[in-house]
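**Q** Predicted coordinates and the sequence they were generated for:
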Amino acid sequence: MSEVWQSMCAVLGIFALERVVSICATRSEKGRAWICRCRSLRPDVISIARMPMGLVSVALASLGHWTLAILWFSVWMFMGLTCASISRKCGLGTDRGGWLSALSDKCLYFPLFIYFSWSDTLTTPLPAFWVASFLAADTAGQALRLVGRKKGVNYFGKAKTALSVILLLLIAVDRLHDIPTMSPKFVVLLTISCAILAFMSVFCKVVPDVWYANSLTLANLLCGLASIWSVQQGFLLRAFVLVFVGQFFDLFDGRMARKYGSTRHGPIFDDIADGTSFGFGIGFLIYGSLCLSIPRFLAALLALGYIVCIVFRLYRFLNSEAKFPPGVFQGMPAPAGAMLGGSAALLFAPSYPWVAVVLVIATTFLLVSSIPYRHFGQRIWPDLPRPMKLLVFILFLVFINVTLANRTHSLPFRLYCFVMSAIYGVFGVDWRGICGKGCTDEEMEDDSLSIEGGDEDESFGVEV
């Protein structure tokens, strides 16, 4: 087990060292000038040097040198971050360089995906079908970067690369010593997640920009329908996870609509999707969780009351005459209410059903109240650094897959969702507005411009 920890600490140390050296070297004008003069540090040269290193990692692993293979792969994978820093800070980035950098990433992890899918020395090999799907989608994305109109990287592509690296490192470390969470089902789910992210990255390269918002809304709607079906089949945890995933789609569809526009009926479609996921999906979940612990008619009444409040909340959002600053909503937003009510029902219904009842009633009150809440996607998320957003997204994917693969780990997930939604229920309130310190008309206009025009390079489409 000590060898496992040593390998993991070494990987983190390599990452930290790369970040420190890259930041220090590109911070000063003198350092940037020296990098520009050194031809061996040109991004194109680094990308070409990285291409055969995936095969070297496979060779080391096949010979049984797993620790060395892990370190070798990590060094050259993190060199991609060095390449990106030099391109951005030293003004050496080109379309050809971006294409080569993405190609070198694939040359690094493609051989390992193939090797891990057919090697008989692994306790948890990768599923061949999903590996083939992932490789096909990722190859299509690489080709589109060469011939398509949108040549920049998108967040789905970044998340796909990061999650792929994590998956490969986990499998390699598991080869040194069994990791408790590395069950075959967990490996399959992570591989499927990589394939889905690769497909979404390709999707964002081929669809018109105006379809971004509706595409994410459609994904939210499908999550809601799947959650209702899961409750009918008795899979309550899966239903909640699907709504949780739908919440992330809902987080970004509004930002995409403001940035790229949307179709004529986009707002109505968004409300239908929200009502399905955060209303009916969680309403069915509340009933399914409570009907075994309290009288069925009372569980049905609570679920119906919650659904009605969600529908009213969404209707009021489109037809409200109340004046709030941009990014501040009247009443708790529907996604937050869904997380609070759903997690409370899942967490407390089996042992403390009346606690769950009280929390569901409190959630319905917050949804239809006039308490001003800061919207997470418009007021909180944009202030996070981009690397932090990517890290949150990756941890979210790993957390979801661990929960679905190992039911023994579902309690931390339910507790996490409840605690986070409860914290938002208190600290998400716009106390400044409640205390009578709301924005003037001029401040509201300035806020609107900053929200709609900020983070121009943050999108699922092209990143500048």
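**A** That came through, no problem.

**Q** Return the per-residue confidence for V241.
**A** On pLDDT, V241 comes in at 90.

**Q** distance of it from G341?
**A** From V241 across to G341, the span is 15 Å (C-beta to C-beta, to the nearest Å). (C-beta placed from N, C-alpha, C; glycine too.)

**Q** And those two? Which one has more around it.
**A** Between V241 and G341, counted using other C-beta atoms under 10 Å, G341 has the larger neighbour count: 32 against 23.

**Q** who's in contact with that one?
**A** The contact partners of G341, taken as C-beta atoms under 8 Å, 6 or more residues apart in numbering, are 282, 286, 306, 359-360, 363-364.

**Q** Check G80 too.
**A** Taking C-beta under 8 Å, 6+ apart as the test, what G80 contacts is 50, 101, 104-105, 108.

**Q** for the protein, what spans make up the strands?
**A** 328-330, 372-374 (DSSP state E).

**Q** Just put those in a markdown table and tack on mean neighbour count, distance to L81 and mean pLDDT.
**A** Formatted as a markdown table, the strands of the chain follow (neighbours: other C-beta atoms under 10 Å; distance: least, C-beta to C-beta, whole Å; pLDDT from 0 to 100):
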| stretch | mean neighbour count | distance to L81 | mean pLDDT |
| --- | --- | --- | --- |
| strand 328-330 | 20 | 37 | 84 |
| strand 372-374 | 21 | 33 | 86 |
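
**Q** of all those strands, which lies closest to D178?
**A** Of all these, it is strand 372-374 that lies closest to D178, at 44.4 Å by C-beta to C-beta.

**Q** where in the protein is pLDDT low?
**A** Residues of the chain that meet the criterion pLDDT under 70 lie in 1-4, 148-153, 320-322, 377-380, 408, 433-464.

**Q** so which of the contacts of G341 is the most crowded?
**A** Neighbour tally across those (other C-beta under 10 Å): the maximum, 32 neighbours, falls on I282.

**Q** so what's the backbone phi/psi at L92?
**A** phi -110, psi 10 (degrees, to the nearest 10).

**Q** Find the residue closest to it in space, skipping its chain neighbours.
**A** P43 (5.6 Å; C-beta to C-beta, 6 or more residues apart in numbering).

**Q** contacting residues for the one you found?
**A** Neighbouring residues of P43 by C-beta under 8 Å, 6+ apart: 83-84, 86-87, 92-93, 97, 100-101.

**Q** Now, the contacts of G341 that are in helices?
**A** 282, 286, 306, 359-360, 363-364 (DSSP state H).

**Q** what's the most distant pair in the residues you listed?
**A** Spatial extent of these (C-beta to C-beta) is set by the pair I282 and L359 at 12.5 Å.

**Q** Distance check, the most centrally placed residue in the chain against M200.
**A** The residue lying closest to the centre of the chain (C-alpha atoms, centre = their mean) is F393, at 3.0 Å. Between F393 and M200 the computed distance is 12 Å (C-beta to C-beta).

**Q** and what of L169?
**A** For L169, the distance to M200 equals 22 Å [C-beta to C-beta].

**Q** okay, those two: which has more neighbours?
**A** The neighbour comparison of L169 against M200 (other C-beta under 10 Å) goes to M200, with 22 against 18.

**Q** doesn't F156 make contact with that one?
**A** Yes: checked against C-beta atoms under 8 Å, the pair M200 and F156 is within contact range at 4.2 Å.

**Q** Please parse the protein into its domains.
**A** For the chain, the structural domains run 1-206, 208-464, going by automatic domain parsing.

**Q** follow-up on the earlier one: reformat the strands of the chain into a markdown table and put distance to K160 next to each item.
**A** What follows is the strands of the chain, written out as a markdown table (distance: least, C-beta to C-beta, whole Å):
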| stretch | distance to K160 |
| --- | --- |
| strand 328-330 | 32 |
| strand 372-374 | 31 |
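
**Q** For R19, which of those is the nearest?
**A** Nearest to R19 among these is strand 372-374; the distance by C-beta to C-beta comes to 31.4 Å.

**Q** outside of the closest one, which residues touch it?
**A** By C-beta under 8 Å, 6+ apart, the surrounding residues in contact with strand 372-374 are 324, 327-333, 336, 380, 428-430, 433-434.

**Q** from those residues, which single one is nearest F418?
**A** A336 (11.9 Å).

**Q** Quickly note the distance from the closest one to I371.
**A** For A336, the distance to I371 - C-beta to C-beta - is 12 Å.

**Q** higher neighbour count, these two?
**A** A336 (25 against 19).

**Q** so what's that one up against?
**A** Shown in contact with A336 (C-beta under 8 Å, 6+ apart): 373, 376, 421, 424-425, 428.

**Q** which one among these gets closest to S215?
**A** Out of the contacts of A336, the member with the shortest distance to S215 (by C-beta to C-beta) is F376, at 20.7 Å.

**Q** where does that closest one sit relative to A334, distance-wise?
**A** The gap separating F376 from A334 is 12 Å, by C-beta to C-beta.

**Q** In terms of neighbours, single out the busier of those two.
**A** A334 (25 against 17).

**Q** That one: what's its closest spatial neighbour, skipping adjacent residues?
**A** F278 (4.3 Å).
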